[in-house]
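Participant: Sequence and predicted structure, then a few things I'm wondering about:
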Amino acid sequence: MPTPLLKKYAEESGKTMDEAEICWAKAKHEADSKFHGEHDGHYWAYVNTSTRMCLGLPKHPPKTEPKHPDKKDHKKKH
């Protein structure tokens, strides 16, 4: 189980790590019955989405713009 990811989910949701681990285990159990093993491309996406939803988080994390510290802002100033 990806402990750093579950810690992040627990913090974001205000739940305990134990609650996050229970959600992860339930999601994996569901995924095992829906997909052809952990090598199926949709398996881990399903586990992550189900875990987030179980914890009351949005289905998908908010998108953030990648930061490129070595690139300058090239917006024209008027």
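Facilitator: Now that the structure is in, tell me what you want to look at. Being a predicted model, the structure only gives us computed values, none of them experimental.

Participant: What are the boundaries of the helices in the protein?
Facilitator: Per DSSP state H, the chain carries helices over the ranges 3-13, 17-34, 43-54.

Participant: Show the contacting residues for the residue positioned nearest the centre of the chain.
Facilitator: By CA atoms, centre = their mean, the chain has its centre lying nearest to N48, at 4.9 Å. Going by CB atoms under 8 Å, 6 or more residues apart in numbering, N48 touches L5, A27. Every residue, glycine included, has its C-beta placed from N, CA and C.

Participant: Low-confidence ranges, this structure, go.
Facilitator: Counting by pLDDT under 70, the chain shows low-confidence ranges at 1, 66-78.

Participant: make it 80
Facilitator: 1, 60-78 (pLDDT under 80).

Participant: for the helices of the chain, which one ends up most surrounded?
Facilitator: helix 43-54 (a mean of 18; mean count of other CB atoms under 10 Å).
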